[in-house]
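J.: just to be clear, the model below is a prediction. Sequence and coordinates:
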Amino acid sequence: MTDQPIKSVLFDLDNTLIDRSEAFARLFEHWCRTLPSTGRPTDLEEFVSRMGRRGKGYEPIPDIYRDMLDEWPGSFSSLDVAVKSHFDMMPDVVGLDPKTEAMLERFRSHRVAVGVVTNGGSKTQWGKLRTTGVATLVQACVVSEDFGVWKPAPAIFRHALKLIGGQAESTLFVGDNVEHDIIGAARMNMRTAWMSLDREWEVKFPYPDYIVNKVWEVEELVFRSNRSQWGLTAP
């Protein structure tokens with residue numbers, strides 16, 4: 001790993017800057033309040049907690065709602081309606097942790113170039129970026145559907161670096177997905193920080209340069225790498 005200071009940071013969005021599992025829990029709480037009660041699970045707290053945990057992984061949304069319809073047949077009129085409702089509502093239930101917001105604001109005040117690179121549909125991902133305020137806290141946001149290429153393709157990383165004026169060797173990429181984020185960014189010669197989310201790293205190569213469990217831990221990594229030049233440490 002190079003000793004070069006980290007001058008710019010690119011973040012993934014879901015399960016990195018925003019807590020997708022928490023958003024899922026909020027969404028399923030909303031469904032419990034608003035959907036027809038016929039056939040509804042008797043233990044709503046357990047149902048919401050279980051569905052929230054499924055947001056932590058990479059399970060296809062149709063699979064989640066197919067199971068929901070099996071368990072709660074009267075909830076949605078069809079699987080297509082359920083999936084569409086999910087993506088329509090998701091931007092309204094996401095949130096940004098105050099510590100994450102503070103980190104992004106401090107990066108901006110110290111002129112650390114910051115961007116977001118996220119896979120997903122334009123409407124949903126831009127909705128999340130705007131609702132949370134992330135879109136106004138970073139220099140650039142790249143959504144795969146807009147760009148036409150998904151991570152881990154090199155072109156999307158290259159485009160994001162160009163937008164923030166970053167060089168790969170002095171840029172840190174932060175994400176939770178091993179293949180899309182860490183392996184993809186490492187192939188571009190970026191340094192990498194893996195959001196472990198209490199998981200164990202299971203890939204032999206490449207190994208991430210850093211492992212973090214909370215995204216705001218990245219602030220210390222960046223400030224520490226610049227300490228000799230700035231004469232400061234992370235707050």
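T.: Done, it's in.
J.: got the contact list for the closest residue to Tyr65 other than its chain neighbours?
T.: Leaving aside its sequence neighbours, Tyr65 sits nearest to Ala82 (C-beta to C-beta, 6 or more residues apart in numbering; 4.0 Å). (C-beta placed from N, C-alpha, C; glycine too.) Counting by C-beta atoms under 8 Å, 6 or more residues apart in numbering, Ala82 makes contact with 65, 68-69, 75-76.
J.: distance to Gly115 for those - can I get that in TSV?
T.: Shown next, in TSV, are those (distance: C-beta to C-beta, whole Å):
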residue	distance to Gly115
Tyr65	32
Met68	35
Leu69	38
Ser75	38
Phe76	36
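J.: farthest pair within those?
T.: Greatest spatial distance among these (C-beta to C-beta): Tyr65 and Ser75, at 8.7 Å.
J.: follow-up on the earlier one: turn the contacts of Ala82 into a markdown table, including neighbour count.
T.: Converted to a markdown table, these look like this (neighbours: other C-beta atoms under 10 Å):
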| residue | neighbour count |
| --- | --- |
| Tyr65 | 23 |
| Met68 | 22 |
| Leu69 | 18 |
| Ser75 | 21 |
| Phe76 | 20 |
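J.: out of those, which is nearest to Asp209?
T.: Tyr65 (37.1 Å).
J.: contacts only, for the residue located most distally from the centre of the chain.
T.: Distance from the C-alpha centroid of the chain, by C-alpha atoms, centre = their mean, peaks at Thr38 (34.4 Å). Counting by C-beta under 8 Å, 6+ apart, Thr38 touches Gly74.
J.: and it, what element?
T.: Using DSSP states H and E, no element contains Thr38; it sits outside every helix and strand.
J.: kindly report the same for Glu22.
T.: Using DSSP H and E, Glu22 maps to helix 20-34.
J.: quick one: average confidence on that helix?
T.: In this model, helix 20-34 has an average pLDDT of 94.
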